[in-house]
Structures are given as structure tokens and as C-alpha cells.
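> what's the 3D shape of this:
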Amino acid sequence: MVLQLYEGKGVYSLDMSSIKPKPKFRIGQLVHHRLFAYHGVVAAVDPVFNSTDEWYEMVAKSRPPKDQPWYHVVVNNGRRTYVAERNLEPDVTELN
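Numbers count the residues shown, from 1 in each chain. The predicted model follows:
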């Protein structure tokens with residue numbers, strides 16, 4: 001989608017596809033996976049999907065959008081995973 005702005009005698013075009021959404025979670029934030037119910041901590045953020053199409057086809061069965069933020073999450077068992085933003089929510093459980 002292209003947005004056109006008119007200012008005075010000039011017309012400016014902005015390609016909206018180049019604008020990336022702001023990530024909802026930050027590095028170090030505790031998160032909960034909506035589908036698989038595990039807890040973890042955000043270790044890194046990619047503004048959009050940053051892996052191979054083969055990985056996406058094999059692992060991302062719910063087909064989350066590639067043009068949204070994706071997160072590297074360290075799970076409470078020490079394993080690392082790669083998760084689409086739509087599958088995460090803030091972890092509101094109490095820490096003991």
C-alpha cells in the first residue's frame with residue numbers, strides 16, 4: 001500500500017510496506033506462549049520473521065504472519081525457541 005501526502009505543490013509517496021510494527025515485548029520480559037502454555041524470557045527480537053521458508057513450513061503450523069515481530073525466547077527448561085508475536089502474551093504469574 002502506498003500513502004500519498006500532499007503538501008503545497010509537492011506530492012510525496014510513502015510505501016507503507018516498509019514500515020515495520022513496533023514490538024510488543026522487550027528483551028528480558030517474561031512471556032507466556034498462548035498455544036503451548038510454556039513460560040520464558042525474551043532474549044532477542046526480530047522486527048519481522050527472520051528464518052528460512054523451510055523452517056516456517058515445518059515448524060510454524062499455525063502460520064503466523066511473517067511481517068510482524070518474532071521473538072527468540074529462552075524457555076523455563078533452558079531450551080530456545082522462535083515465536084511469532086501473536087502467540088505470546090505477558091507472563092503475569094507470580095515469581096517465587
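> only C-alpha atoms from now on, for both contacts and neighbour counts.
Noted.
> what's in contact with the host helix or strand of residue 57?
Per DSSP states H and E: residue 57 is located in helix 53-59. Residues from elsewhere that reach helix 53-59 (CA atoms under 8 Å, 6 or more residues apart in numbering): residue 63.
> how far does that helix sit from its chain's centre?
Distance of helix 53-59 from the chain centroid (CA atoms, centre = their mean, to the nearest Å) equals 16 Å.
> the protein: strands as residue ranges?
In the chain, the segments counted as strands under DSSP state E are 2-7, 10-15, 30-33, 39-46, 70-75, 80-84, 88-90.
> residue 90: how many residues sit nearby?
16 (other CA atoms under 10 Å).
> what does residue 88 give?
Neighbours of residue 88 (other CA under 10 Å): 23.
> with the one 3 residues further on instead?
Each residue near residue 91 was counted by other CA under 10 Å, and the total is 16.
> ditto for residue 52
The burial count for residue 52: 8, using other CA under 10 Å.
> roughly how far apart are it and residue 59?
Using CA to CA, to the nearest Å, residue 52 is found at 11 Å from residue 59.
> just residue 70 next, same as before
From residue 70 to residue 59 the distance is 14 Å (CA to CA).
> of the two, who's got more company?
Neighbours per residue, other CA under 10 Å: of residue 70 and residue 59, the larger number sits with residue 70, 26 against 11.
> show me what contacts the closest residue to that one other than its chain neighbours?
In space, and not counting its chain neighbours, residue 70 is closest to residue 84: 4.4 Å by CA to CA, 6 or more residues apart in numbering. By CA under 8 Å, 6+ apart, the residues touching residue 84 are 49, 64, 65, 66, 68, 69, 70, 71.
> can you list the residues you listed in JSON lines and add distance to residue 36 and pLDDT?
As requested, these are exported to JSON lines (distance: CA to CA, whole Å; pLDDT from 0 to 100):
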{"residue": "49", "distance to residue 36": "20", "pLDDT": "96"}
{"residue": "64", "distance to residue 36": "14", "pLDDT": "96"}
{"residue": "65", "distance to residue 36": "18", "pLDDT": "96"}
{"residue": "66", "distance to residue 36": "20", "pLDDT": "96"}
{"residue": "68", "distance to residue 36": "20", "pLDDT": "95"}
{"residue": "69", "distance to residue 36": "19", "pLDDT": "97"}
{"residue": "70", "distance to residue 36": "16", "pLDDT": "97"}
{"residue": "71", "distance to residue 36": "15", "pLDDT": "98"}
